[in-house]
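A.B. asks: got a sequence here, can you build the structure:
(4 chains)
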Protein chains: 2
Amino acid sequence: MAGKTGELSERKKQILKAIVNAHIEGGEPVGSKSILQAAGMNCSSATIRNEMAELEEMGYLEQPHASAGRVPSELGYRFYVDSLIEHYAMTTQEIAQINALLRAKMGELDQILSAASHLASALTNYTGIAIQPRSGSVTISKFEGIFLDPSHFILVAVSSTGTVKSKHIHTEFALEEATVEKLAQVLNETLVHLTADRITLPIIMDLESRMGTESRIVGPVIKVIYDLLSELDSGEVRVAGIDQLLQYPEYSDTQQFRALLGALEKKDDILDLVSASGNEGDINVLIGSESSVKVMNNSALVFKPIVKNGQTLGAIGVLGPRRMDYARVLATLEGLSGNIENLIQTNQQIKDGGTNDG
Amino acid sequence: MAGKTGELSERKKQILKAIVNAHIEGGEPVGSKSILQAAGMNCSSATIRNEMAELEEMGYLEQPHASAGRVPSELGYRFYVDSLIEHYAMTTQEIAQINALLRAKMGELDQILSAASHLASALTNYTGIAIQPRSGSVTISKFEGIFLDPSHFILVAVSSTGTVKSKHIHTEFALEEATVEKLAQVLNETLVHLTADRITLPIIMDLESRMGTESRIVGPVIKVIYDLLSELDSGEVRVAGIDQLLQYPEYSDTQQFRALLGALEKKDDILDLVSASGNEGDINVLIGSESSVKVMNNSALVFKPIVKNGQTLGAIGVLGPRRMDYARVLATLEGLSGNIENLIQTNQQIKDGGTNDG
DNA sequence: ATTTAGCACTCAACCGCAAAGAGTGCTAAA
DNA sequence: TTTAGCACTCTTTGCGGTTGAGTGCTAAAT
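C.D. replies: Modelled structure (predicted):
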């Protein structure tokens, strides 16, 4: 036995590649003759048939039934993605589209990701996915209180990842604006950078003593802060362009598609998948049963984490049939993530100088 | 011609009702014999056939093909909803479910609505929808600035509907905490309760002069505020349980279902529909082509606005096949909306007294 | 005048079967 | 080792017949 890729002769690789390309495009089993045409090889279809038989025995191809052409197996796709894929260059039009849409969205991370998932869907004709993972260790790095009236105020929290969340709070006793300000100040002194499980009774008591006569507000506020922390840490999955999938015959089985929809809505599986797989910051490609989510065994999921300062803030991805146009998808996600990471560095630039058009 | 409901004899009503009920349950055309059984009438199937022929002529029924049973027409459903429907009483279990899930969600309106749409879907076995309409006249009632570091701060805005939004702002010049505070204060003095089109140049100039030496920050901040206003006013449609629809054979046509999915994602049509139809605060029932959205012509949309102080803050609804279990859906939405409106009155209660468990 | 029984008719759905077509595996020659 | 040729397999498609549910109509009964 030779090295890993050495297992396959050049001709076998050529044939496998041709089969994968043809099947990605057409979706149907591909026969020996069509390969001859597509790959322009100078041998006969019989030779190709022999090679195909061997490729099948090695596990790279499958035959839906005895008299059909061949279809790439999961292993076949995996080998294709790892070794055979050719770099796809985005058209200037596609690049322009990314720039136009993302530059316009100088918003918060979740908005950028959401826009990116729409773009991913539009550019690839598959389903786009935007993920904000559960980090497991979210903290609040800044509190702020907004006084509305004596019985209402808003508690605003900025998380360690930069996300901003707020909660309305209604009190049955009158509160002064100064109290709300004090509360924010005290919270900033005591709770900043603490994970939920480190907000213990002694800390809460300290907080109460610092609030002095207004300590009755502390208990309920703590409850709200727990809520905030758990919301900040609960992860988020946004999906764009599910309808795209229905154009592919592999999703014409309604019951199977229904199950997939359900998994996308439940979002737990997807979150687990992304959290588990890729802390590398690199593109992940999960083909079929590689994904461990049963209903996705006939699909492929490609995603790329969005990293800032070594911290994974989210991920964007594409979900589609196993016979996905991997070249295009990989290029699109690279392009998108590059843009996004630029964007979140220089969020909402303000030039020193001209305030109006410049 | 007699009065509107006088057009139909008691027996015709009874038959129509039986047909609608049977068709809602089974989804298939219903024949004269099964009506006899279901409605327990003391006449023969021939009589019913005669009545059905007349009902068809009047437009209440339709016949898919010559030798099939009858199916209610849109007019038939409409009459059923308006005059024949029987009040459906929710089971205590259902009520408990609503209470458990909504009470736990003492969050912001969008979270409550989102939870409600999930409940609506789970309780009815159709697709649940949560809508926050474009109001057309959103204003900001309070600004707040959160200083992060000399080149970053966050602008928080509380809208007239109570929604809180925030934007990170990055400056290329150093900024002091006091400047951010001053900015918030000045914004509160000048821009509060102004719609986007009333933020005119003179006002902006006033703002700049009030900011004095720090006026260079004003232009960019105005841009952000425009963004905030347009985001606050752009409406929101959340969908829960689309997969539910696939259990109904009317959605087995993949292409049609795909179009419906597309419309749900685009969200414009739904927003328009809800904005246009119901400012009454009452439940709206749109059956088939009543909805003016083409891809929904084989569906029914039922929704109820959520009103607080005479202002429509949002709506929850249910989307399903035309043969929807209207009785159940209406009861569910009533129950949900009642709970929600209670909830947003008494948002995040804080009892005067005990801070911990009571 | 209304209701009912009876009957002929219609039409989708189902089944089996044959023909077509695509693609293979195998064999024997190059 | 490659290739041409051929038999074989298996899906897909189309067609004719049958089935069965349900109707509309007619003529008798109430």
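A.B. asks: from now on I want contacts and neighbour counts done on CA atoms only, so please keep to that.
C.D. replies: OK.
A.B. asks: list the contacts of the lengthiest helix in chain A.
C.D. replies: Counting residues, the longest helix found in chain A (DSSP state H) is helix A:326-345. Helix A:326-345 is contacted by residues A:81, A:85-90, A:95, A:98-99, A:102-103, A:106, A:109, A:112-113, A:116, A:120, A:123-124, A:283, A:302-308, A:316-318 when judged by Cα atoms under 8 Å, 6 or more residues apart in numbering or on different chains.
A.B. asks: may I have it exported as PDB, CA atoms only?
C.D. replies: The C-alpha trace of helix A:326-345 is given here as PDB (Å, rounded to 0.1, in the frame of the first residue of the first chain):
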ATOM      1  CA  TYR A 326     -18.000  22.700  -2.800                       C
ATOM      2  CA  ALA A 327     -15.600  24.800  -4.800                       C
ATOM      3  CA  ARG A 328     -18.100  27.700  -5.100                       C
ATOM      4  CA  VAL A 329     -19.300  27.300  -1.500                       C
ATOM      5  CA  LEU A 330     -15.800  27.400   0.000                       C
ATOM      6  CA  ALA A 331     -14.800  30.400  -2.100                       C
ATOM      7  CA  THR A 332     -18.000  32.200  -1.100                       C
ATOM      8  CA  LEU A 333     -17.600  31.500   2.600                       C
ATOM      9  CA  GLU A 334     -14.000  32.600   2.500                       C
ATOM     10  CA  GLY A 335     -14.900  35.800   0.800                       C
ATOM     11  CA  LEU A 336     -17.700  36.500   3.200                       C
ATOM     12  CA  SER A 337     -15.800  35.800   6.300                       C
ATOM     13  CA  GLY A 338     -12.900  37.900   5.200                       C
ATOM     14  CA  ASN A 339     -15.300  40.800   4.700                       C
ATOM     15  CA  ILE A 340     -17.000  40.200   8.000                       C
ATOM     16  CA  GLU A 341     -13.800  40.100  10.000                       C
ATOM     17  CA  ASN A 342     -12.600  43.300   8.400                       C
ATOM     18  CA  LEU A 343     -15.900  44.800   9.200                       C
ATOM     19  CA  ILE A 344     -16.000  44.000  12.900                       C
ATOM     20  CA  GLN A 345     -12.500  45.300  13.400                       C
END
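A.B. asks: still on that earlier bit, among the contacts of helix A:326-345, which lie within helices?
C.D. replies: Checking the contacts of helix A:326-345 against DSSP H, those in helices are A:95, A:98-99, A:102-103, A:109, A:112-113, A:116, A:120, A:123-124.
A.B. asks: buried only: go through the residues you listed for me.
C.D. replies: Among those, those scoring as buried are A:95, A:98-99, A:102, A:109, A:112-113, A:116, A:120, A:123-124 (criterion: 16 or more other Cα atoms under 10 Å in any protein chain shown).
A.B. asks: and the furthest pair within these?
C.D. replies: Pairwise distances across those (Cα to Cα) peak at 22.0 Å, for the pair A:109 and A:124.
A.B. asks: in the stretch 1-150 of chain A, which spans are strands?
C.D. replies: A:61-62, A:71-72, A:127-132, A:140-149 (DSSP state E, counting those that start in this stretch).
A.B. asks: quick one: buried residues of the longest one?
C.D. replies: By 16+ other Cα under 10 Å, the buried positions in strand A:140-149 come out as A:140-148.
A.B. asks: filter those residues down to the ones near DNA strand D?
C.D. replies: Filtering the buried residues of strand A:140-149 for neighbours of DNA strand D using Cα under 7 Å from any atom of the strand leaves an empty set.
A.B. asks: could you dump the residues you listed to a markdown table with pLDDT?
C.D. replies: As requested, the buried residues of strand A:140-149 are exported to a markdown table (pLDDT from 0 to 100):
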| residue | pLDDT |
| --- | --- |
| A:140 | 97 |
| A:141 | 96 |
| A:142 | 97 |
| A:143 | 98 |
| A:144 | 97 |
| A:145 | 98 |
| A:146 | 97 |
| A:147 | 96 |
| A:148 | 95 |
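A.B. asks: what angle do the helix or strand residue A:231 falls within and strand A:140-149 make?
C.D. replies: In this structure, residue A:231 is located in helix A:218-232 according to DSSP states H and E. Here the directions of helix A:218-232 and strand A:140-149 differ by 120 degrees (axes from the mean of the first three to the mean of the last three Cα atoms, to 10 degrees).
A.B. asks: just give the closest residue to residue A:49, not the sequence neighbours.
C.D. replies: residue A:32 (5.8 Å; Cα to Cα, 6 or more residues apart in numbering or on different chains).
A.B. asks: er, residue A:148 actually
C.D. replies: Closest to residue A:148 by Cα to Cα, 6+ apart is residue A:154, at 7.4 Å.
A.B. asks: ok, now residue A:183?
C.D. replies: residue A:211 (7.0 Å).
A.B. asks: of the buried ones among the ones in helices among the contacts of helix A:326-345, which is the nearest to DNA strand C?
C.D. replies: residue A:124 (26.4 Å; Cα to the nearest atom of the strand).
A.B. asks: thanks again, I'm all set now.
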